[in-house]
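S.K.: give me a model of this one.
(2 chains)
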Amino acid sequence: MMENTNLYHSLSLILPEIVISVALIVLVLADLIFHKDKKYIPYIALVSILVAGYYTLIQYGTSGSAFLTSGKNTISLGMFAADSFSIFFKMIVLVSTLFIVFFSFSSEEIIKIKDRIGEYYALIFGMVLGMFFMISATDLILIYLSMELMSLSSYVLSGFTKLRERNSEAALKYLLYGAVSSGLMLFGISLVYGLTGSTNLYAINALIQSPEINLFTLAFACILIFAGIGYKISSAPFHFWTPDVYEGAPITITAFLSVASKAAGFALLIRFIKTTFVSYIDPLGMWHLLNVFDWRSMLVAISILTMTLGNFSALWQNNMKRMLAYSSIAHAGYLLLGLVVLSNQGILAILIYFSVYLVMNLGAFLVVMLIANKTGSEDIDDYDGLGHTSPFLGISLAIFLVSLTGLPPTAGFIGKLYLFVALVDAQMIVVAVIALLNSVVSLYYYVRVLKHMFLTKSVDETPVVSVSIPNIILVSSLVFVILLFGVYFTPLVDAAQSCLVILGL
Amino acid sequence: MLTVGLNHFLVISAVLFSLGIYGIVTRKNAVMVLMGIELVLNSANINFVAFSHYGNFGLNGQAIALFVIVLAAAEAAIALAIVLNVYKTFAEVNVDEIDHLKE
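M.R.: Sure, this is the predicted structure:
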């Protein structure tokens, strides 16, 4: 009897995931049934996203742990945490999925594969399902399984269109790097299991405080596990796949990888460190780590390395997608700084930054896609004069890039502001200065695109990129959000503030 | 009389892990790299089963090993499909040669 109520309770907590799984099955079946005419399939995807969003939002305020494991000694918390932190990240994933579906309507690359569109959406939902479980997982095995579910779908998607050589190259590189890092992560998990005898993060938190734990092995295991997660958030030194995959994959998938899968990776990293390694949180919201592994030093080093590498490599890129890939590596570095602070304030900064990053990055990719639809090229040299022939796209892209740099009055400024304030409050002035200098470097390569669009005269005729009405609405809504959050950001901050609850402790 | 204990299994898994990493780093053929990855996964499997047996952690570790075996199979299927696709495009599976994306 007890068991049954437990199961019902657990199932009610994973309703959004159930909706996504059902949608996945429906999409596969619809692909089989509507053999000839597949134009309804994107609408099935849209409706499922909205339904999943509804079930995610009504979870707001509840916080509970699903699939409790009754161990030998005590009943600890289960392997799946539903809390407001997970709701925030799930909404980020869902909103970006929604935009990706809109993008796919007008992407030339995706229109050309319309007979395989069912598989395309089914795989996207596979990724979403993996991300949802990653965001909520509090068990090492669930973490590994969900990461693999997401990775396997994304390997296929990155080579999905098979239109150009670079597609299959992207898929191969993504696959090889991904499989290696998840293998390393699994080995790390097996070591943690050997040290503690448990895979549940809450149980591990209690067990690693015992003096019998071999700290050297634990540190080794932590580094291996970080290899798996660091690959997902494309932090150095696991970022090598990013530029190649972002350039080679279809642009809708590139945009999806750069926002949603990074969000899931960050949610996983934050939850993993918070539940496993934090001993207590003081009233000021500072996290006090267990004295077993120095996450802070490692993360400071990695985040500085990540943003410096990302920003400096972006300087001499000529392909727009490749440049945005390096810029997304740099942004992963900034986002890691929020975690380095190890306080609720830092997490607040990450949540704000991510919501802003979602809008500006998707916007930039959307404009690049619209231009590539027309010109068939993503080279920055081909952008010469586009600001004059297609002023709407030029100005929109300018706003997105200025926001990515982090200048006022755009939302990117607000994101960076909260990050830097969190850093300064934690007395990490040096790190804040390094991050600030990095932002200055990033200004160069973002503005270079603007220079090509508005100042350089094109040698040949510059094509006029006409934009359809739905796309004008899509682009201008993204621009509107960027400018709105730049001046009126209180609602965003309030929403993030109410989503800081991470289950445990 | 030598009894086989936890340490023997750990040594085997460490050796397998190192061999796997060595294979991943040195091999140029994509299929050989994938085999290196399989070695890494299996070394983790040996760890799981050995720890759960000798550490009296219950059957959890062995269940995990089953999960990993299934996942490794799924990964191999997708990996080989992608390698096949690469072979069709480039007539080549050497990872050093497939490097057109860098300018």
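
S.K.: could you pull out the helices in chain B for me?
M.R.: Secondary structure of chain B (DSSP state H): helices at B:6-26, B:30-54, B:60-90.

S.K.: mind checking which of these is nearest chain A?
M.R.: helix B:30-54 (3.6 Å; Cβ to the nearest Cβ). All C-beta atoms are positioned from the backbone trio N, CA, C, and that covers glycine.

S.K.: between the closest one and helix B:60-90, how big is the angle?
M.R.: 180 degrees (axes from the mean of the first three to the mean of the last three Cα atoms, to 10 degrees).

S.K.: for helix B:30-54, which positions count as buried?
M.R.: B:30, B:33-34, B:36-52, B:54 (16 or more other Cβ atoms under 10 Å in any protein chain shown).

S.K.: pLDDT at the spatially closest residue to A:Ser468 that is not a sequence neighbour, what is it?
M.R.: Using Cβ to Cβ, 6 or more residues apart in numbering or on different chains and skipping the chain neighbours, the partner closest in space to A:Ser468 is A:Ser106 (6.8 Å). Note on A:Ser106: pLDDT of 89.

S.K.: quick one on the thing from earlier: if we check chain A, which of the buried residues of helix B:30-54 are in contact?
M.R.: Among these, the residues within reach of chain A (Cβ under 8 Å from any Cβ of the partner chain) are B:30, B:33-34, B:37, B:40-41, B:43-45, B:47-48, B:50-52.

S.K.: adding pLDDT, write the residues you listed out as a markdown table.
M.R.: Compiled in a markdown table, these are given as follows (pLDDT from 0 to 100):
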| residue | pLDDT |
| --- | --- |
| B:Ala30 | 92 |
| B:Val33 | 94 |
| B:Leu34 | 94 |
| B:Ile37 | 95 |
| B:Val40 | 95 |
| B:Leu41 | 95 |
| B:Ser43 | 95 |
| B:Ala44 | 95 |
| B:Asn45 | 95 |
| B:Asn47 | 94 |
| B:Phe48 | 94 |
| B:Ala50 | 94 |
| B:Phe51 | 93 |
| B:Ser52 | 92 |
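
S.K.: touching stretch A:444-461 from outside, list them.
M.R.: Stretch A:444-461 is contacted from outside by A:311, A:314-315, A:317, A:320, A:323, A:327, A:380-381, A:383-388, A:394, A:397-398, A:401-402, A:404-405, using Cβ atoms under 8 Å, 6 or more residues apart in numbering or on different chains.

S.K.: go on, stretch A:88-101?
M.R.: Contacts of stretch A:88-101 (Cβ under 8 Å, 6+ apart): A:16, A:42, A:45-46, A:49-50, A:52-53, A:56-57, A:121, A:124, A:128, A:131-132, A:135-136, A:252, A:255-256, A:259-260, A:263-264, A:266-267, A:351, A:354-355, A:358, A:362, A:366, A:474, A:495-496, A:499.

S.K.: filter those to the buried ones?
M.R.: A:16, A:42, A:45-46, A:49, A:52-53, A:56, A:121, A:124, A:128, A:131-132, A:135-136, A:252, A:255-256, A:259-260, A:263-264, A:266-267, A:351, A:354-355, A:358, A:362, A:366, A:474, A:496, A:499.

S.K.: quick check: A:Thr405 vs chain B, distance?
M.R.: The gap separating A:Thr405 from chain B is 24 Å, by Cβ to the nearest Cβ, to the nearest Å.

S.K.: looking at the buried ones among the contacts of stretch A:88-101, which are in helices?
M.R.: A:16, A:42, A:45-46, A:49, A:52-53, A:56, A:121, A:124, A:128, A:131-132, A:135-136, A:252, A:255-256, A:263-264, A:266-267, A:351, A:354-355, A:358, A:362, A:366, A:474, A:496.

S.K.: just give the closest residue to B:Asp99, not the sequence neighbours.
M.R.: Closest to B:Asp99 by Cβ to Cβ, 6+ apart is A:Glu169, at 7.8 Å.

S.K.: so what's A:Val245 up against?
M.R.: A:Ser158, A:Ala170, A:Lys173, A:Tyr174, A:Thr254, A:Leu257, A:Ala325.

S.K.: surely the last one touches A:Glu247?
M.R.: Spelled out, it's A:Ala325. Yes: assessed by Cβ atoms under 8 Å, A:Ala325 is found in contact with A:Glu247 at 6.6 Å.

S.K.: pull up the overlap in contacts between the two.
M.R.: Common neighbours of A:Ala325 and A:Glu247 (Cβ under 8 Å, 6+ apart) are A:Thr254.

S.K.: how about A:Ser258: what's its closest non-neighbour residue?
M.R.: A:Ser328 (4.6 Å).

S.K.: tell me the secondary structure for the one you found?
M.R.: For A:Ser328, the assignment made with DSSP: H, G, I helix; E, B strand; the rest coil gives helix.

S.K.: could you say which helix or strand contains whichever residue of the stretch 201-350 of chain A sits closest to chain B?
M.R.: With Cβ to the nearest Cβ, the shortest gap between the stretch 201-350 of chain A and chain B falls at A:Asp244, namely 4.6 Å. Here A:Asp244 sits within helix A:241-248, counting by DSSP states H and E.
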